[in-house]
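A.B. asks: Provide a 3D model corresponding to the input given below.
(chains A and B)
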Amino acid sequence: MTRRLREFILEGVLIALCLVLAWRAPGFLSADNLLNVLHNVSMQGVIAFGMTMVIIAGEIDLSVGSMIAFAGCLTAWITGRLSAAPHGWPMPRAILLAILASLLAGVAIGSISGMLRVRFRVPTFISTLAWLTVLRGAAGLITNGFPLTPFPDWYNFIGAGHVWKVPFPAILFLAVFLLIQFIMNYTTFGRSIYAVGGNAEAARLSGIHVPRVKIGVMAIVSALAVIAGVMQSSQNMSGSDRSGMGWELDVIAAVIIGGTNLMGGSGRVWGTLIGVIFLGVLVNGMTLLNISEYWQMVVRGVLILMAVLMNVSPPERA
Amino acid sequence: MQASLETFRIRKEFPGTVALEDVSLRFEGGRVVALLGKNGAGKSTLVKILAGTLQPTSGQIAINGRPVKLKSAGDAFRHGIATVYQELSVIPELSAAENILLGRMPGKRGWARVMLDWPAARRRAREILAEMGVDLDVHQKVRRFGVAQQQIIEIAKAMSFNPSVLMLDEPTSALARHETEMLFRVVRRLARSGVAVIYITHRLHELAQIADAVTVLRDGHHVGTANFAETSADSIVRMIFGSVVQRQRPQALQPSPEPLLQVRGLCRAEKFHDIDFTVHRGEILGIAGMLGSGRTELLRAIFGADPFDGGRIILGGRILKGTSVRGMKRLGAALIPENRKEQSLVPNLSVRANLCLASLDAIGWNGLISVRRENLVARHFVQRLDIQLANLRLPVHSLSGGNQQKVAVGKWLNTQPRVMLFDEPTRGIDLQAKQQIFQIMWDLSRDGIGSVFVSSELEELLEVCHRILIMRSGAIIGEVRPEDISVEDLVVRCMGESAGARSEP
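C.D. replies: All right, here's what the predicted structure looks like:
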């Protein structure tokens, strides 16, 4: 298969899938349904763009699912504390501060994983595996096992509002896509990420600050996970320690399907966008076709394997 | 019976080149024959053919007078040819006994044969080692042994097949002196027991201790074979290098007396010590030394890629007691490392991105990359360095070795360098690309940029440099001008005096 064909095969498959669904699945092609697909994938999608950076840099983050719960709970808890009567802050100010504090916590946690990686050579697979349980536990400690519901009605806009007919989360999703796409293609930081993931030693000997890059990507993906957590808490109008269960694997799956190499060094943000939408369309379509959830899981798993096989070039001959 | 291995008129073609041509050799049991030659002379091709991993284009191989076909590594083993490669293939977490008998561990008798018979295994491993005159604790995990002992375990593994021919491919490249001696004792003992040993090495000074005869390949041809006792260091060197045609650097190109880079008393434990030298404006300073002389470590320490323990570096008006890559780059230093694939290029990135990798700040503005400027810079250097490519966006690994090396050099030219450190820049590239790399150094010299040029191809140093430092065992032991010395003398000085004298083990 030629390189060019390979590059756009996922787009081709996505279009084919959409055509089949438009033909067979009742209601698939309506504007409402398509916007709904975008809404459904938006939270995982926001994280997936950060995960793309992390994987291209040759690292991984398994803690993003737990980070969603942690960030949602932390935001809810701080909001509740600050706005509590009798000397409570006004709601908008309390929520703004709560979100900023959660972002800060997320950035700090991601940076710690990055620092453990560059200082003590702890693989991010391990450190973020630790965060996966720590943050899930911390979320439970914050909520005591019961969802926190301090939010006012307007807070629902972030995770469920619409601008004209477009879901606000979908707008956030596309905005994050544009931002990360810009960073990866038009900034020296983005270029450094590719270089560090492709050959860390060559990057170091070219004068690229490798620790800064590794810590940077870990901080960014954590911050995006916090944003997704805020979106999730807004959609549910509560901070729950059960949200985002297993999302890390869905997010990584979308990135891999999008053609990013798990070994680092290559991948495209655009590919991740397609990968995320592809998985969303697939789930939506299969649901419309009344395919059982168990079958959906099987199909997704097979797709991940096929996507990876397509991206593997045949072994080089000595 | 004395074993023998013969080749008749072996020829091996690769696309575009002939690696071996009309090579007829004879190796006999009881003797150690050193196989010598420059990089690219055809040694490793011959080894691979004898080890069964490459097929000759034409020609025959005979063992004990009977022609054989070696279609795979397994064939070679069955015919009694064992090979020990430079890179160790022992499994560190297994014991010495398990490594020696890998895949052939004895089982217990009868119905219990799925279980390992440990006492038998250890006995067998100890026997093999005893035949080699070595006493090791075969219970011990291999990672606990030193490199030399691991090397010996590797040889024991080969010997457990009772081979009649043993090929050793640069076995001492990672060994210290006393370890080398231990290895040599083992090899000599094996030879005495009737094994034909083929010993590939770059270290000519080892020959006196180990080789009964030398066989030299040059440009794929068998140049000659001689008994070691009847030859001299000079004639061996002449066989290896041939009559060297030296092209000279342009005469007009003279360095100015202004110092650019000064190195004073630089030390790093076990790597190099008390290194003093100065690179002047526009000067090309060669460092001649064999593999393991500390030359690579020296360049890396100057550039900040590795730390150093003592001494100072003076560059750009700053006196440095320690260096970092980023700091040295700012002061105008550049390193072209010896291994471009692993240390210099990001293989999957485009030629354009690789050419701009060291100067991201220069093509960017506040962290943003200007694609226009990036294209401009990349196109400029592609043209200036004559890099042959179809498209700037192709990944750099798709280029030929020579063109890759030009990218590795070119990426530093956009950083306004004062001093460029070249570590083996001509390894594995064709003649034309070599000449182009030299031309780049001369052009840099004309612009007042200094170069430090490390190479094991000593005739290149004579061709290119203004001045040559001779490095041996981590120290600079002399300085010569290329017009005052011949390649043969330079090689002899790099190897040390021991090369000519024969000492009985």
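A.B. asks: burial measure for the residue in the stretch 51-200 of chain A that chain B sits nearest to, as a count.
C.D. replies: Using C-beta to the nearest C-beta, A:G198 is the residue of the stretch 51-200 of chain A that sits closest to chain B, at 3.8 Å. (Glycine included, C-beta is placed from N, CA and C.) Counted with other C-beta atoms under 10 Å in any protein chain shown, the neighbours of A:G198 add up to 27.
A.B. asks: so it makes contact with B:V346?
C.D. replies: Yes - contact between A:G198 and B:V346 holds when scored by C-beta atoms under 8 Å: they sit 3.8 Å apart.
A.B. asks: any shared contact partners between these two?
C.D. replies: Common neighbours of A:G198 and B:V346 (criterion: C-beta atoms under 8 Å, 6 or more residues apart in numbering or on different chains): A:G265.
A.B. asks: for the residue of the stretch 51-200 of chain A closest to chain B, what are its contacts?
C.D. replies: For A:G198, the set of contacting residues under the criterion of C-beta under 8 Å, 6+ apart consists of A:264-266, B:346-349.
A.B. asks: counting neighbours, which of those residues comes out on top?
C.D. replies: Of all the contacts of A:G198, the most densely surrounded is B:V346 (28 neighbours; neighbours counted as other C-beta under 10 Å).
A.B. asks: touching, that residue and A:R191? I think so.
C.D. replies: No - using C-beta under 8 Å, B:V346 makes no contact with A:R191, being 9.8 Å away.
A.B. asks: mutual contacts of those two, please.
C.D. replies: Residues touching both B:V346 and A:R191 (C-beta under 8 Å, 6+ apart) are B:353, B:357.
A.B. asks: pLDDT below threshold where in chain A?
C.D. replies: In the predicted model, chain A carries pLDDT under 70 at residues A:1-7, A:311-318.
A.B. asks: tell me the centre residue of it?
C.D. replies: Per C-alpha atoms, centre = their mean, the C-alpha nearest to the average position across chain A is that of A:I47, at 1.6 Å.
A.B. asks: find the nearest non-adjacent residue to residue 266, please.
C.D. replies: You didn't pick a chain, so chain A it is. The shortest distance from A:S266 to any residue that is not its chain neighbour, by C-beta to C-beta, 6 or more residues apart in numbering or on different chains, is 4.9 Å, and that residue is B:N348.
A.B. asks: meant chain B actually
C.D. replies: Going by C-beta to C-beta, 6+ apart, B:L266 has B:G311 as its nearest residue, at 3.6 Å.
A.B. asks: now do that neighbour, the pLDDT please.
C.D. replies: On the pLDDT scale, B:G311 is placed at 92.
A.B. asks: next, the buried residues of the helix or strand where A:L303 lies.
C.D. replies: Secondary structure assignment for A:L303, by DSSP states H and E: helix A:293-311. Of the residues in helix A:293-311, those with enough neighbours to count as buried (16 or more other C-beta atoms under 10 Å in any protein chain shown) are A:296, A:300, A:303-304, A:307, A:311.
A.B. asks: show me what contacts the residue nearest to the centre of chain A?
C.D. replies: By C-beta under 8 Å, 6+ apart, A:I47 lies in contact with A:64, A:68, A:221, A:224-225, A:228, A:247, A:251.
A.B. asks: filter those residues to keep only those in contact with chain B.
C.D. replies: Restricting the contacts of A:I47 to those touching chain B (C-beta under 8 Å from any C-beta of the partner chain) yields no residues.
A.B. asks: for the residue lying closest to B:R446 once chain neighbours are set aside, give its distance to chain A.
C.D. replies: With C-beta to C-beta, 6+ apart as the measure, B:L253 is the residue that lies nearest to B:R446, at 6.4 Å, once sequence neighbours are left out. For B:L253, the distance to chain A equals 28 Å [C-beta to the nearest C-beta, to the nearest Å].
A.B. asks: so B:L253: helix, strand or coil?
C.D. replies: On the three-state scheme (DSSP: H, G, I helix; E, B strand; the rest coil), B:L253 is labelled coil.
A.B. asks: what's the local residue count around it?
C.D. replies: B:L253 is surrounded by 15 other residues when neighbours are defined as other C-beta under 10 Å.
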